[in-house]
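Participant: task: produce atomic coordinates for the following.
(one chain, ligands or ions: 1)
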Amino acid sequence: MRPDLIEEASSLAPWSGCAFVPTMGALHEGHASLIRSAARGSRPVVVSIFVNPTQFGPSEDYARYPRTLEADLVTCAAAGAAAVFLPAIETIYPRGIDAAREDAAHLSLPAVATQPGLEDACRPGHFAGVVQVVSRLFELVRPAVAHFGEKDWQQLRVITDMVEMHPTRFDGLRIVPEPTVREDNGLAMSSRNRYLEPGQIEAARGLSRALQVACAAQHPGTAEALMHGTLEEHGLEVQYAVVRSAQSLMPVHGFEAPTRGLIAAKLGNVRLIDTMALPIWR
Ligand code: PAF
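Facilitator: Residues are numbered from 1 along each chain as shown. Model (predicted):
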């Protein structure tokens, strides 16, 4: 059945208490699995589709970000979404995009958003935009639970901490992490995989391979060196390839658990990220 389309914030009231899956569209099997998982609960599932300008840097892919609404609605329906929220930019940012960008710069962010050497180093301002749009969506939709993929591990940590910092504002909202969905060849699913040429897929597999190699390492330092080596062998330009505390995203010194490997690497103009839980080192 085709989900209800919600275009006005005033039509959201009956959906308060829903299970919510915020997205930027260009839905793939990873999103479908988030929606299916949300639909296994007892609450109706609302998916939002909104390409948020304030989380893109000036030289990033906001204008060319894939917009595939008709196919997205089919995916939402098949995965069990009851409604799809398609806000206009004015609904999210009533004072306009320039004012919104300025507001984002003044937001106070959870500490995990700015841990050195991770996303903030490569995409300054990105998490301010994410926190801004996600908190606005939460306030409009008023969900009881919201599902986020583990592939964007730092984003998941930022949003979880943001909600914990403001329990009253988000009214007891629970954030549910969902496992990364991979292609058979190991590549983590991402809307940006559409930018890859067929000949680049083998190189893109370097991210998941590097993380698998890190899983077998005996020490965090060795894991980082092995990840760098594997990424470079695949012709990827490494932005970071690190082992961090899964919770605080701080560097680990051998005895902290749980830990995660986190990678961002570029293949030409395409930026890819991936992450895996790593074993506990003793
Ligand atoms: O992960 C995403 O697609 C986006 O960052 C989100 C959470 C929908 C906010 O725009």
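Participant: quick check: residues of the stretch 51-200 of the chain near the ligand?
Facilitator: Contacts of the stretch 51-200 of the chain with the ligand, taken as CB under 6 Å from any ligand atom, map to 52, 55, 130, 133-134, 152, 155. All C-beta atoms are positioned from the backbone trio N, CA, C, and that covers glycine.
Participant: residue 210 - that's part of a helix, no?
Facilitator: Yes. When DSSP: H, G, I helix; E, B strand; the rest coil is applied, residue 210 is found to be in a helix.
Participant: list the contacts for it?
Facilitator: By CB atoms under 8 Å, 6 or more residues apart in numbering, the residues touching residue 210 are 226-228, 230-231, 234, 241, 261, 263.
Participant: cool, residue 245 as well?
Facilitator: Contacts of residue 245 (CB under 8 Å, 6+ apart): 251-252, 256, 258-260.
Participant: can you pull out the low-pLDDT segments for this protein?
Facilitator: 254-256, 281-282 (pLDDT under 70).
Participant: nearest residue to the middle of it?
Facilitator: By CA atoms, centre = their mean, the chain has its centre lying nearest to residue 152, at 3.7 Å.
Participant: measure the closest residue to that one other than its chain neighbours to residue 265 for me?
Facilitator: Computed as CB to CB, 6 or more residues apart in numbering, the closest residue to residue 152 that is not its neighbour in sequence is residue 273, at 7.0 Å. Distance, residue 273 to residue 265, by CB to CB, to the nearest Å: 8 Å.
Participant: how about residue 170?
Facilitator: For residue 170 relative to residue 265 (CB to CB), the value is 34 Å.
Participant: for the ligand, what's the nearest residue on the stretch 151-282 of the chain?
Facilitator: With CB to the nearest ligand atom as the measure, residue 152 is the residue of the stretch 151-282 of the chain nearest to the ligand, at 5.3 Å.
Participant: more neighbours, residue 170 and residue 265?
Facilitator: residue 265 (26 against 20; other CB atoms under 10 Å).
Participant: not counting its neighbours along the chain, what's nearest the more buried one?
Facilitator: What sits nearest to residue 265 in space, not counting adjacent residues and going by CB to CB, 6+ apart, is residue 236, at 4.0 Å.
Participant: and that neighbour, how many neighbours?
Facilitator: Residue 236: 24 surrounding residues under other CB under 10 Å.
Participant: which ones are touching it?
Facilitator: Counted by CB under 8 Å, 6+ apart, residue 236 has contacts 203-204, 206-207, 265-267, 272.
Participant: what subset of those is also close to the ligand?
Facilitator: Near the ligand, by the rule CB under 6 Å from any ligand atom, you find none of those.
Participant: just the residues you listed: which are in helices?
Facilitator: Among these, DSSP state H puts 203-204, 206-207 in helices.
Participant: okay, buried residues for the longest helix seen in the chain please.
Facilitator: For the chain, the helix that runs over the most residues, judged by DSSP H, is helix 126-141. Buried positions in helix 126-141, judged by neighbour count with 16 or more other CB atoms under 10 Å: 126-138, 140-141.
Participant: tabulate the CA atom coordinates of stretch 150-160 in CSV.
Facilitator: The C-alpha trace of stretch 150-160 is given here as CSV (Å, rounded to 0.1, in the frame of the first residue of the first chain):
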residue,chain,number,x,y,z
GLU,A,150,25.5,2.2,12.5
LYS,A,151,27.4,2.9,9.2
ASP,A,152,27.4,6.6,10.2
TRP,A,153,28.7,5.7,13.6
GLN,A,154,29.8,9.1,14.6
GLN,A,155,26.4,10.5,13.6
LEU,A,156,24.6,7.8,15.6
ARG,A,157,26.8,8.7,18.6
VAL,A,158,26.1,12.5,18.2
ILE,A,159,22.4,12.0,17.9
THR,A,160,22.2,9.6,20.9
